[in-house]
Structure formats: C-alpha cells, structure tokens
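# Turn this into a structure:
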Amino acid sequence: MPPTPTAQATDNELARDALRGSTAAFETLYRRHVGRVHGAVLRLVGYDHGRAEELVQEAFVKAWQKLGSFRHESAFGTWLYRLSVNTALMALRSQASSPIYDAGEDGPPDVGEEPFCPAERRELEQAIAALPPRARVVLVLHDVEGWRHEDIARETGMAVGSSKAQLHRARGLLRRALGERS
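Residues are numbered from 1 along each chain as shown. I've put the predicted structure just below:
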C-alpha cells in the first residue's frame, strides 16, 4: 500500500506516488491545482459553468491516465495546466456554437485576485464571455494566462499572425463593449 501523502510532499513526489497507484497522492495534486485549472478553463469556455466542470473533470481523468507520460522535466502544475488548456481547446474546436454565459445574480465566480470592484469585474467578464470563441481564446491565453503568440499558435493550430490579429480584434471588441456600457 502506498504511503499517505504529506502536505510537504512536492508535486513531483506526489506524481510518482500517484503513478505507483496512490489515489491519495493524486487527490492531493487535484486539490492543489484544481483552482487554477478551473479558472483557466472557465474563462476559455466563456463562463459556461457546466461545460467548465465537465472539462476540468475530463482534464483530471486524462492526467491520471497520462501520468506515465509526465517526464518531470517541468513542474507538474505546468504539465497539468497545459493538458487542461489543451482539453478545453479541443472541446472548443469541436463545438459548433459559441458558449453561453449567464451571470445570474451572483455574477462570475471568484477565479483569482480581483483588481476591479465587483460591478466592473462582472462587466469585464461578461464582455470577455461575449467575444467570438477564437478571439476569446487568444485574449485569455495571451492577456490573462501569459502565453506567447508562438505557443498559442502551436496549441490552437493557427498561424502566429492570426493569433496576433485575433488578439487585436478581441481587444477592440472589448474596448467597444466596455465603452458602450459605461
């Protein structure tokens, strides 16, 4: 029986234990990383909460299944995050229509530090969710997640120039949407 993971165990140690069959180690990895993964996926799917939940579950199932392919050359969190974003991108590619965002009374969930007041944040999140899918993906990956255009192009299958053009388009659409609401 694999040992019970400790709070001090590194992600790489936990990944090795999980590969040897420790579901407790994988659960610890899940708890450490689910917030960041969920936030990124939620933004990518335009705040479709149900779809985000499905894709996060799918990403963690894939991570469990592909644990043997984690080579420990980068941080486990980086590997998991990339796998999760790719899972969401594949789902967006196969999706025929744009995701739907319904802020409800509570607005978007807390997915990180809040640089704006709640009303401004809700307005920004709604504007991002309303972007066309390709523009939203590039904006989220570049401006929110910090990806380079070369990485976005490689992961989405678009040219670097298209990534840059989509970012320019997304920013213009956001300016227009936020200007109209002010």
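
# From now on I want contacts and neighbour counts done on CA atoms only, so please keep to that.
Fine.

# Give the residue spans of this structure that score low on pLDDT.
Applying pLDDT under 70 to the chain flags residues 1-7, 96-116, 180-182.

# Using PDB, write down the CA coordinates of stretch 28-35.
The C-alpha coordinates for stretch 28-35 follow below in PDB (Å, rounded to 0.1, in the frame of the first residue of the first chain):
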ATOM      1  CA  THR A  28      -3.600  15.900  -3.100                       C
ATOM      2  CA  LEU A  29      -2.400  17.000  -6.600                       C
ATOM      3  CA  TYR A  30      -6.100  17.600  -7.600                       C
ATOM      4  CA  ARG A  31      -6.700  19.800  -4.500                       C
ATOM      5  CA  ARG A  32      -3.500  21.800  -5.100                       C
ATOM      6  CA  HIS A  33      -4.200  22.500  -8.800                       C
ATOM      7  CA  VAL A  34      -8.000  22.400  -9.400                       C
ATOM      8  CA  GLY A  35      -8.500  26.200  -8.700                       C
END
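
# So for it, what gets flagged as buried?
Residues 28, 29, 30, 33, 34 are the ones in stretch 28-35 that count as buried (16 or more other CA atoms under 10 Å).

# Can you name every helix or strand that the helix or strand where the first one lies contacts?
What that stands for is residue 28. With secondary structure defined by DSSP states H and E, residue 28 is part of helix 23-44. Counting contacts by 3 or more CA pairs under 8 Å, 6 or more residues apart in numbering; DSSP states H and E, helix 23-44 is packed against helix 11-19, helix 49-65, helix 76-94.

# Can you tell me which of these is nearest to residue 124?
helix 49-65 (16.8 Å; CA to CA).

# Distance from the chain centre to the closest one, please.
11 Å (CA atoms, centre = their mean, to the nearest Å).

# what residues does that helix touch?
With CA atoms under 8 Å, 6 or more residues apart in numbering as the test, helix 49-65 has contacts from 26, 30, 34, 37-38, 41-42, 45, 80, 83-84, 87-88.

# ok, 7 Å please
With contact meaning CA atoms under 7 Å, 6 or more residues apart in numbering, helix 49-65 is reached by 37, 38, 41, 42, 45, 80, 83, 84, 87, 88.

# So among those residues, which ones count as buried?
37, 38, 41, 42, 45, 80, 83, 84, 87, 88.

# And the furthest pair within those?
45 and 80 (17.8 Å).

# From residue 87, how far off is the residue most central in space within the chain?
The chain has residue 40 as the residue nearest its centroid, 2.2 Å off, counting by CA atoms, centre = their mean. Look at residue 40 and residue 87: by CA to CA, to the nearest Å, they are 11 Å apart.

# per the record, what domains does the chain have?
Listed domain ranges for the chain are 9-116, 131-182 (source: automatic domain parsing).
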